[in-house]
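Asks: turn this into a structure:
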Amino acid sequence: MKAWLCGLDDEEVSSVSSILTFIGIEHSASLTAFHLPDFVVLGKAVQSFELDEMIPIVSLSHTMDVMGDYSVWLCPLPWRSQTLSSVLKDIKRLHTFPQASGVNLNLHIRHLEALLIRQALVSTQGVVSKAAQNLQIQRTTLIEKMRRYNIDKSEF
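Replies: Residues are numbered from 1 along each chain as shown. Okay, the predicted model is just below:
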């Protein structure tokens, strides 16, 4: 199985990575590392999620606003082995059903852009100028995109 780690802070990445490595699940913070991950692990800072593919979501938050028909499991840290193993069994079971074909490229690009912005803001503790520098875009462009995607720097 493959997992995409999205919007996790350093502490969450450390904890989740060690557990996933221990149970043999390949994982990456980059969506482009996999053709299509088996599931997504969302950090506590990510409050909403939208993706054109129906990928199962494991959220480290206690609550989650999901746009779309996703399978979502709320699994705040620390993870218990029984909870995690039942979630992984459910995710494996979902993969026995046929996947919808076709990709809405515009939706996928917008979602990916919003996720990368959130990830940059998490890594810079909400400092917009540093996040813009990490994303290699102008600060004003980042502010415009944050407004477009309704991203508030105070969340980070």
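
Asks: longest helix in this structure, please.
Replies: Ranked by residue count under DSSP state H, the longest helix found in the chain is helix 105-123.

Asks: other SSEs contacting that helix?
Replies: Secondary-structure packing of helix 105-123 (3 or more CB pairs under 8 Å, 6 or more residues apart in numbering; DSSP states H and E): helix 128-135, helix 139-148. In short, each C-beta sits where N, CA and C put it, glycine included.

Asks: those helices: which one's closest to Val16?
Replies: When the helices and strands packed on helix 105-123 are compared by CB to CB, helix 128-135 sits nearest Val16, at 21.3 Å.

Asks: return the set of buried residues in the longest helix of the chain.
Replies: Counting neighbours by 16 or more other CB atoms under 10 Å, one finds that the buried residues in helix 105-123 are Arg110, His111, Ala114, Leu115, Leu116, Ile117, Arg118, Gln119, Ala120, Leu121, Val122, Ser123.

Asks: still on that earlier bit, tabulate the helices and strands packed on helix 105-123 (a markdown table), appending mean pLDDT.
Replies: Converted to a markdown table, the helices and strands packed on helix 105-123 look like this (pLDDT from 0 to 100):
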| stretch | mean pLDDT |
| --- | --- |
| helix 128-135 | 95 |
| helix 139-148 | 93 |
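
Asks: domain parsing of this structure, as residue ranges.
Replies: The chain breaks down into these domains under automatic domain parsing: 2-94, 105-155.
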